[in-house]
Structure formats: C-alpha cells, structure tokens
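Asks: sequence first, then the predicted structure:
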Amino acid sequence: MAEEQMKVAVLGGGSFGTALASIAADNGGRVRQWLRDPELAEQINREHRNGRYLPDYAINPAVVASTDMAEVLDEAGLVLVAIPSKAFREVVRQARPWLTPDQILVSTTKGIQEEGFKLMSQILEEETGFPHIGVISGPNLASEVAQKQLTATVIASDDPETRTRVQTALGCDYFRVYASNDRHGVELGGALKNIYAITAGMAAALGMGENTRSMLMTRALAEMSRFAVYRGANPMTFLGLAGVGDLIVTCSSALSRNYRVGYALGEGRTLDEAVAALGQVAEGVNTVRLVREKARQEGVYMPLAEGLYQVLFKGVPAKEMARMLMLGEQSSDVEFVLAREDVQRAHRESGGGGANG
C-alpha cells in the first residue's frame with residue numbers, strides 16, 4: 001500500500017462486492033460499503049458477515065456498511081460499482097451528486113443494458129463524463145475469493161492511473177490483479193461468457209462427457225471473440241483471464257450461477273423454475289436474448305447463442321438443440337488464423353462436400 005490510506009467505496013451488497021470490500025480493508029484501505037437494505041447493512045456492521053450472500057465469510061471488521069450514499073462516497077478515491085446490470089444506471093445516477101472527476105470509477109458487473117446495448121463502463125461514462133473509468137473481470141467466483149483461494153482478475157482501462165490504483169487497492173497474496181488496456185474486450189468477455197455457462201450446465205445435466213465440454217468451451221471462445229472483435233475488441237484479450245480464464249471457471253463449476261441455471265434446464269425445469277430455484281440474478285439469461293438479437297442484426301455467426309435462445313425462450317428441448325448444433329456448419333477452427341469465409345469458399349468450389357454434418 002501507498003503511505004496514504006486509500007479510501008474505497010463499494011456500491012452493492014452482493015457476494016463479489018462484499019468480497020472486494022473485505023480485500024481492500026485487508027490491504028489497509030478505509031472501506032465503506034453501500035447497500036439498499038438497512039438490516040443487511042446493520043448485520044455487516046454488527047456481525048461482520050453478509051448473511052444473505054456470503055453467510056460463512058468473515059468480513060474484515062474495518063468495512064463499514066451504510067445505506068447513506070453520501071457517507072459512503074465521502075472522500076473516496078476508488079469507487080467499485082458492484083450492482084446488477086438492470087439497476088446499474090439507476091444506482092450510478094443516485095450516486096452522481098457525490099462523485100467527482102478525480103475519483104477512479106470501476107465496474108465489477110458482467111452484464112449488458114438492453115437499451116442501446118450498453119456495457120456498464122459505457123454507462124459510467126455517460127452518467128459522469130469522468131476520465132478515470134475501468135472494469136474488473138476474470139475468473140472470480142465470489143465464494144472462492146471469500147475463502148482466500150488463489151485468484152486472479154483483470155483491471156481494464158485506457159487510463160494508466162486507474163489500472164495502477166486498482167492494482168494497489170486490491171492486489172494481495174491471494175488476489176492478483178493484472179492490467180489490460182482493452183476495456184471493451186475485457187468487459188465483453190465477462191458478459192458473453194455467462195451465455196456459455198448456461199450451455200455447459202445443460203450439457204452436464206444431460207450427461208455429456210469431457211469431449212463435449214471441451215468442444216463447447218472452445219467453440220464458445222470462438223463465438224465470443226468473433227462477436228467482440230466485430231464490436232472493436234482485440235482478439236488477443238480472449239486468450240487471457242477475462243476470456244478463456246473466465247470461460248473455463250464459469251463453464252466448469254457448480255458455484256457459477258449461470259451454470260446452475262443451465263443444469264436445471266437440462267434436468268427439464270422451465271426457465272422460470274430454474275431462475276426461482278437459484279434465488280439470485282443470473283446475468284446470462286438476459287445476455288442471451290440481447291446478444292442473439294444484436295448478432296442477428298449485425299450478421300455475426302453465433303450458433304451456440306442462437307441455439308440457447310431457442311431453448312430458453314422458444315421451448316426447444318435441450319437435447320434437440322445439441323443435435324441441431326452437431327448438424328450445423330463445419331467451418332474454421334480459429335478464424336484469426338483461417339478465415340471462416342475462406343473455408344466456405346473452399347466448400348463451394350469443391351461442390352459442398354464436408355460442409356455439413
């Protein structure tokens with residue numbers, strides 16, 4: 001830590017926001033956490049425990065929770081916004097009177113706003129116009145972070161000061177913070193992987209094996225990077241923690257909320273039943289619909305997202321979706337090595353042999 005104590009504000013009382021608040025306090029920061037629920041704020045202050053989202057986690061006693069936004073943001077140099085995507089803009093607007101241009105504003109939310117297809121950092125820019133904006137994303141299951149399992153994340157920003165301040169505030173012997181300047185790619189990676197975690201959960205419930213899991217994850221990575229590069233991201237970002245790293249953990253772990261929704265769907269439950277059983281927000285459900293629509297509008301080939309959309313919203317059985325995917329186009333493996341269009345051209349020139357099935 002720098003000699004001057006860093007003042008950190010965390011907006012949000014969920015599992016990841018709570019874990020980050022405690023990490024910052026472990027690092028010597030003065031940490032204030034904003035929550036809507038006064039009873040939960042009181043519990044954190046009294047018991048140093050978030051009984052709703054991380055009941056077994058001992059929060060650093062230096063974390064002070066409050067429902068008073070002005071009190072939480074007072075003199076904060078770093079503001080971590082850990083709010084679900086549907087409420088993200090509303091909370092930023094609520095915080096705006098107490099935000100200042102010299103503060104570091106960082107989103108930790110992996111989601112997309114439906115109106116305008118906005119990422120959370122874009123909302124921070126629109127609502128504040130401030131220069132120090134970044135995103136945190138990576139393979140960060142909150143319960144494992146809370147257990148101080150060895151974990152790494154990415155702070156992405158065009159602004160070097162933002163990257164450095166976040167690394168200082170949160171980097172420790174069990175939570176490593178790596179830097180990126182591809183904010184758009186890192187943020188899209190965090191949002192898009194939620195789609196494929198649902199698919200992986202369904203595959204597991206259907207009894208599909210390790211070959212299938214490997215195929216799903218690598219084709220998901222191809223699909224994610226294809227979409228993100230179309231929207232201006234760097235494809236190399238997806239070889240890092242916010243791409244393949246986050247995809248692996250969220251497609252492999254029953255701790256992932258999106259994986260659990262997919263598993264319930266694979267067991268034959270309806271979407272409403274799966275979400276109700278989870279009891280928390282699974283960002284991937286909304287992201288599937290938004291990304292599928294955007295991909296169709298812009299002509300980006302995303303068969304996994306399309307297939308999952310059909311299962312979630314059109315009642316297609318998960319087994320039928322898997323069969324349809326296997327009958328789809330056989331194209332290039334890594335498009336940045338061999339373009340998909342080149343493979344399609346070769347199929348046409350050879351009379352179509354091997355193009356399908």
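Replies: Structure's in. What do you need?
Asks: next, give phi and psi for Glu115.
Replies: The phi and psi values for Glu115, taken as degrees, to the nearest 10, are phi -70, psi 110.
Asks: give the burial count for it, as a bare number.
Replies: The local packing of Glu115 (other Cβ atoms under 10 Å) involves 6 other residues. For every residue, glycine as well, the C-beta is placed using N, CA and C.
Asks: got a list of contacts for the worst-scoring helix or strand of the chain on mean pLDDT?
Replies: Sorting the helices and strands of the chain by mean pLDDT, DSSP states H and E puts helix 318-326 at the bottom, at a mean of 76. Residues outside helix 318-326 that contact it (Cβ atoms under 8 Å, 6 or more residues apart in numbering) are 202-203, 205-206, 208, 265-266, 303-304, 307-308, 310-311, 357.
Asks: buried subset of these?
Replies: Buried members of those, counted by 16 or more other Cβ atoms under 10 Å: 202-203, 205-206, 208, 265-266, 303-304, 307-308, 310-311.
Asks: Asp159: which of the residues you listed is nearest?
Replies: Top of the list for closeness to Asp159, among those and by Cβ to Cβ, is Leu304 at 33.9 Å.
Asks: pick the one among the contacts of helix 318-326 closest to Ile112.
Replies: Leu308 (15.3 Å).
Asks: so what's the closest one up against?
Replies: By Cβ under 8 Å, 6+ apart, the neighbours of Leu308 are Ile195, Ile198, Thr199, Val288, Arg292, Met321.
Asks: which of those residues fall within helices?
Replies: Ile195, Ile198, Thr199, Val288, Arg292, Met321 (DSSP state H).
Asks: just for this protein, where's the confidence low?
Replies: Flagging of the chain using pLDDT under 70 yields the residue ranges 1-3, 280-281, 327, 329, 352-357.
Asks: one more time with 50, if that's ok
Replies: 1-3, 355-357 (pLDDT under 50).
Asks: tell me where it has strands.
Replies: 7-11, 30-34, 64-66, 78-81, 104-107, 112-113, 118-119, 133-137, 151-156, 175-180 (DSSP state E).
Asks: dump the ones you listed to JSON lines, plus mean neighbour count and distance to Ala191.
Replies: Output for those, formatted as JSON lines (neighbours: other Cβ atoms under 10 Å; distance: least, Cβ to Cβ, whole Å):
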{"stretch": "strand 7-11", "mean neighbour count": "27", "distance to Ala191": "19"}
{"stretch": "strand 30-34", "mean neighbour count": "26", "distance to Ala191": "23"}
{"stretch": "strand 64-66", "mean neighbour count": "20", "distance to Ala191": "28"}
{"stretch": "strand 78-81", "mean neighbour count": "26", "distance to Ala191": "15"}
{"stretch": "strand 104-107", "mean neighbour count": "28", "distance to Ala191": "11"}
{"stretch": "strand 112-113", "mean neighbour count": "21", "distance to Ala191": "5"}
{"stretch": "strand 118-119", "mean neighbour count": "22", "distance to Ala191": "7"}
{"stretch": "strand 133-137", "mean neighbour count": "28", "distance to Ala191": "9"}
{"stretch": "strand 151-156", "mean neighbour count": "25", "distance to Ala191": "13"}
{"stretch": "strand 175-180", "mean neighbour count": "19", "distance to Ala191": "15"}
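Asks: now those in TSV, with distance to Gly190?
Replies: Formatted as TSV, the strands of the chain follow (distance: least, Cβ to Cβ, whole Å):
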stretch	distance to Gly190
strand 7-11	18
strand 30-34	22
strand 64-66	25
strand 78-81	14
strand 104-107	9
strand 112-113	10
strand 118-119	9
strand 133-137	4
strand 151-156	9
strand 175-180	12
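Asks: those: which one's closest to Val166?
Replies: strand 151-156 (4.2 Å).
Asks: pull up the pairing partners for the closest one, direction included.
Replies: Here strand 151-156 is paired, per DSSP bridges, with strand 133-137 (antiparallel), strand 175-180 (parallel).
Asks: save those strands as TSV, and put in distance to Val8 too.
Replies: What follows is the strands paired with strand 151-156, written out as TSV (distance: least, Cβ to Cβ, whole Å):
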stretch	distance to Val8
strand 133-137	13
strand 175-180	14
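Asks: what's the closest of those strands to Asp74?
Replies: strand 133-137 (20.4 Å).
Asks: what does that closest one rub up against?
Replies: Residues beyond strand 133-137 that count as contacts (Cβ under 8 Å, 6+ apart) turn out to be 20, 80, 104-108, 110, 119-121, 124-125, 153-157, 159, 162-163, 166, 170, 177, 183, 186-187, 189-190, 241-242, 246.
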